[in-house]
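> everything below, folded, please.
(2 chains)
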Amino acid sequence: MVREYEHTKTVSVFRYDPSIRDEGHFDTFEIQIADKRLTTILDVLLKIQKEQDPTLSFRFACRVSMCGSCALVINGKERLACKTVVGDLKEKEITIRPLNHFPIIKDLVVDMDPFFEKYKEAMPYFDPKEDTEEPAVIKPDSKERRDIGLSTECIACGCCVSSCSMVNYHDAYCGPAAINRAFTLLADSRDGLNEQRMSKVLDSCYNCRTELNCTDVCPKEISPTRAIKYIQKQACIEAFRKKEKTPTQEDIRSDAKIPADVEDNSRRRFLKQMTYGLGAATAAVVGGVLASAAVGPTLRKTPKQWIHAGEMEGFPLNRVSTANIQYTNLDGFYKSKKTTPIMIYRKPDINQSVVYSSRCTHLGCTVRWDEGKQIFLCACHGGAFNSDGSVKDGPPPRPLDRYAFKIQDGALFVEVV
Amino acid sequence: MEKLSTDILIIGMGGAAQLAALNAYDANPDLNILIVTKALRGKGGCSRMVQGGFNVVLNQNDSHQKHFADTLKGGQFINNQELARIMVEQATPTIKEMETKYGCFFDRNPDGTIHQKPFAGQSFDRTVHKGDLTGIEIISRTTEQIMKRNIPVLEEHRALELLTDNTGKQVTGALILDMKCGEFKVVESAATLVATGGGPTHYRFFAPGPEKSLDGLGMLYRAGVRMVDMEMLQFHPTGLIVPGSVVAGSLLEEGLRGAGAHLLNSEGERYMKRYDPEKKERATRDVVSRSSFLEMAAGRGYDHGGVHIIASHLGPEFVEKNFPGMCLRCRIFGYDLARKPVPVSPTAHYLMGGAVFDANCQTSLERLFVAGEDSGGVHGANRLGGNGIADSCVFGRLAGKAMAEYLKKNGDKKAETSIGLAEELKARYTEPFNRKDGISPYPLRDQLRELNWNKVGVARNETDLNDGIREIDAISDETKSVGIDGIKAYNLPWNNFIDLLNMIEVSRMVASSALLRKETRGAHFREDYPDQDDQNGLINFFQERGKDGVPVFEQKPVDLKYLKPVDVKKQ
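Next up, the predicted model:
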């Protein structure tokens, strides 16, 4: 029986029904796994779908990590379902949810349109410098090919974007995958869109805080962080190289012969390139400092907002009440209307009252208040919190998060970002 | 139903579909082109899954004549020689455009020229590749070019049926299902290309992605298109065995055998020495698959059911450097390809048969074009490794140019869809939602896979094929009891049901055609007719859907216009 126990896994899967349009929830399944080493998360999902719940939706295509359709957040980390074997997960239980920062279509399926829209901003397509019929002769150990390496193997799965905390705060950020592709083209001597592409993506590079999340999660072992640093470095080099070629006295004298628009163009280009250079240099310094510090709320571009959560008389004294707050949130690549459950523990002294987030600090499942036991419980992995929000039991790493709140004209307002 | 209108409708988004879209656009950027794909953009289909590479003549010591002869020898001379000639000749400019126009960068020789590696059945090392995951490079780069040209793509929109006019002779567009929300759409077009790729996922072990389900072939056949050589279905010799996993059947690429990997039976014997003493593991796929299958059938397989591939004698470093993708794929499941034997089995891989088409990619119906694995005739009885992506890209490129030319000549006027056709088809597809206590499509699909594997598989005989056809019909009847629950948005069982309908259609075509070919040739191995019969066997079997749904056959001798089997034997 011990063996049977070993092969039973508890799997929590995020569910979202577009015909209801609620916040979504987690369903828990118990499944039997014959051999943990030979069973992928995609197998797990197919098994649940086939044997327990045919209404479960998820996306897949090639099942051999070549198409990037099955990217999911598995036990808190972005991975491909087809490449992740159950035996490789250290945790006892499995939690599967859709990628972050994308609108959900159903259950685990997200809308990837925002990904491709952002991708396109980086001009991620080859544009030949020369019109030629013969493939270029380029040695495999040339600098450009060594620089590019296997970075062209990106399968646009979206793991990097989901893992990036910065796409949340900068809506102009085209994200790690797009920048990675731009880098492989900028380094490619055959491509002719160098300058335009540089001007498109360099600004985006400033938004990276070198947290290396994208590099950490990439299932193809590509480092978009390296791509970002490459572009910034390249911008410096280019600018200073151009500076060396600034007009000499003789050139300036002969300027008289050059039509005004040409001169204007070249000067404008020079100034633009100088800007790249300075910008990149600044980014390098600032990036270095920030890399060691946690990202503070001051970096958040989205302003905080006070959201009406209900009339105070609706929240009984000395009890925990739940409420849903609704607001518009800028989440990475898109604006969305959010409905978030909160829990209000109202005390006679309003200063001692607390508004908790209903998100478990472990993996984000919704916790509920158990009036009998006077604790907050998370159904996903058995996390439990005391009435003051501190961790009582289970895997949560920290107490429940709290919202700042204020009472105005007898109504409760909570502060969200 | 929402109605969309376009000049050119392209169904599918693999290599053939993308090159068609790019070439039609480049021929005339004013054309309205619409791509519909079952997956996300560029993520579906088998071109992306190409590992080994692309056969093409680039070296001055190689020649189109050699590539052509290799292709015909591999296909056991029932290829359409005109189409095979076009493929080998056009492969050269096609691969060059991949590099110079679309930005692919294939592996290089130390001197900076394009590297070409050995593949089975080739008289010259002519396979262009990018490591051992070539498809990613090809499809990622072409998908970007589609983006660059702003060619619209409807993602997760699967084509269900081709629509025709009153006569049934002209294709007017297609009925589409938006899988994301479960709504139907009608797309009307002046020219339509079916390029969904084949993908024989109707077997126990299969190499294509599990989202593939022979949709293109199913809809082409139902629309009345003439098909050829449907019995010719290739099994790749080295599908990975991962018991219980959907990854089972995925490929370990041919380059491994090209580089010198061995196949061993459970007695540790290198059995290919017995079946093909000269070429051994470098024999063509049909020969190696059949040999492995016979070893397994004779009880010389391992407990997992298959045989072993071993590459360690090539040196672990060599294997890891040259086949990093394959090593990783094995490592995920605890197999060490560079150092230890890995369990493999023949796996259903590719359909040589398909829709009959001409040099302009036109089918037997007007306004209908086809390219890639949905088409038939180029590869005869067996396709050479590396000729698949070459076929898709070459004929996709030609189809794009041909459609632009067709519209230039004939104008963009569309034919009228037969009244009520789309509504009638829609009602048929939504029927399972009306059966609340219906059966699940999954057991039917699994049954179909087992019966094809056992009775219409690597080794065939008359009794099994007749049984097989009866069982296919029985499963087909049972699909009328399938019931689907839930909402229509992203409903996987519903889509599996639709997949199953197409798989049944193709299973029937393959089995019926296999029954007629009373000889062994290429991928088609008849236990009751174990010899190749060049007196009577140099024929093609054509089939069309008859009025009662039963295929109507016609056989014709192959036109050996450029090369005869005797010419090759003389060499």
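> how about low-confidence regions in the chain?
No chain specified, so I'll use chain A. Residues of chain A that meet the criterion pLDDT under 70 lie in A:1-6, A:242-303, A:330-334, A:363, A:380-381.
> hm, I was asking about chain B
Across chain B (using pLDDT under 70), the flagged ranges come out as B:570-571.
> so which bits of the stretch 351-500 of chain B are right by chain A?
Within the stretch 351-500 of chain B, the positions lying close to chain A (CB under 8 Å from any CB of the partner chain) are B:440, B:442, B:485, B:486, B:487, B:489, B:490, B:491, B:492, B:493. (Glycine included, C-beta is placed from N, CA and C.)
> go through those and flag which are in helices.
Among those, the ones falling in helices (DSSP state H) are B:442, B:492, B:493.
> out of these, who has the most neighbours?
For these, counting by other CB atoms under 10 Å in any protein chain shown, the largest number of neighbours falls to residue B:492: 27 neighbours.
> what's it in contact with, if anything?
A:49, A:54, A:56, A:57, A:58 (CB atoms under 8 Å, 6 or more residues apart in numbering or on different chains).
> only the buried residues of stretch A:154-168, if you could.
Using 16 or more other CB atoms under 10 Å in any protein chain shown as the test for burial, stretch A:154-168 gives A:154-164, A:166-168.
> ok, and the spatially closest residue to residue A:336 that is not a sequence neighbour, which helix or strand is that part of?
Of all residues not flanking residue A:336 in the chain, residue A:329 sits nearest, at 5.8 Å (CB to CB, 6 or more residues apart in numbering or on different chains). If you go by DSSP states H and E, residue A:329 is part of strand A:320-331.
> circling back to that earlier point, isn't the residue nearest to residue A:336 right next to residue A:416, touching?
Yes: counting by CB atoms under 8 Å, residue A:416 is a contact partner of residue A:329 at 7.5 Å.
> if you count surrounding residues, which of those two has more?
Neighbour count, other CB under 10 Å: between residue A:329 and residue A:416, residue A:416 has more, with 19 against 16.
> just give me the neighbour total for residue B:178.
18.
> what's around the residue in the stretch 151-300 of chain A positioned nearest to chain B, how many residues?
Minimum separation of the stretch 151-300 of chain A from chain B (CB to the nearest CB) falls at residue A:153, amounting to 5.8 Å. Neighbouring residues of residue A:153 were enumerated by other CB under 10 Å; the total is 19.
> tell me the domain ranges of the chain?
Using chain A. A:2-110, A:113-298, A:305-416 (automatic domain parsing).
> wait, chain B
Domains of chain B are assigned by automatic domain parsing as B:2-232+B:350-410, B:236-348, B:435-532.
> buried deepest among the ones you listed, which one?
domain B:2-232+B:350-410 (a mean of 24; mean count of other CB atoms under 10 Å in any protein chain shown).
> between the two ends of it, how far is it?
Terminal residues of domain B:2-232+B:350-410 lie 27 Å apart, using CA to CA, to the nearest Å.
> show me how far that domain is from its chain's centre.
With CA atoms, centre = their mean, to the nearest Å as the basis, domain B:2-232+B:350-410 stands 9 Å off its chain's centre.
> just stretch A:26-45 next, same as before
26 Å.
> near chain B, anything from that stretch?
Yes: Stretch A:26-45 comes into contact with chain B (CB under 8 Å from any CB), by way of A:34, A:35, A:37, A:38, A:39, A:40, A:42, A:43.
> can you give me the buried ones in that stretch?
By 16+ other CB under 10 Å, the buried positions in stretch A:26-45 come out as A:26, A:29, A:31, A:33, A:35, A:38-45.
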